[in-house]
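>>> only geometry, no sequence info:
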């Protein structure tokens, strides 16, 4: 069930990253990459266990 949360974080992170690049604001993209990173770790942890 947790991996659904992980995929959600990845999806939100990708969406926010894309929209922030369209506005070309710098700095915000790093935070959204962090969301994607955390989501990916959550998915991988669930896959392994």
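Yep, that arrived. Quick caveat: nothing in here was measured; it's all calculated off a predicted structure.
>>> nearest residue to the residue most central in space within the chain other than its sequence neighbours?
Geometric centre of the chain, nearest residue: residue 36, 2.0 Å, by CA atoms, centre = their mean. Among residues not flanking residue 36 along the chain, residue 13 sits closest, at 3.7 Å (CB to CB, 6 or more residues apart in numbering). In short, each C-beta sits where N, CA and C put it, glycine included.
>>> just to revisit the earlier point, in terms of contact, does the residue nearest to the centre of the chain touch residue 18 like I think?
No. Residue 36 is beyond contact range of residue 18, at 11.2 Å (criterion: CB atoms under 8 Å).
>>> elements contacting the strand or helix carrying residue 46?
Using DSSP states H and E, residue 46 maps to helix 28-48. Judged by 3 or more CB pairs under 8 Å, 6 or more residues apart in numbering; DSSP states H and E, helix 28-48 is in contact with helix 2-23.
>>> and the helix it packs on with helix 28-48, angle?
Per axes from the mean of the first three to the mean of the last three CA atoms, to 10 degrees, the angle that helix 2-23 makes with helix 28-48 is 160 degrees.
>>> Would you mark the buried spots in helix 2-23?
6, 9, 10, 13, 16, 17, 20 (16 or more other CB atoms under 10 Å).
>>> So which of those sits lowest on pLDDT?
The lowest pLDDT within these belongs to residue 20, with 61.
>>> what's the closest residue to residue 34 other than its chain neighbours in contact with, if anything?
Nearest residue to residue 34 in three dimensions, chain neighbours excluded: residue 13, at 7.6 Å (CB to CB, 6+ apart). Residue 13 makes contacts with 32, 33, 34, 35, 36, 37, 39, as judged by CB atoms under 8 Å, 6 or more residues apart in numbering.
>>> The same query, at a cut-off of 6 Å, please.
32, 35, 36 (CB atoms under 6 Å, 6 or more residues apart in numbering).
>>> from those residues, which is closest to residue 45?
residue 36 (15.0 Å; CB to CB).
>>> related to what we said a few turns ago, let me see the confidence value for the residue nearest to the centre of the chain.
pLDDT, residue 36: 83.
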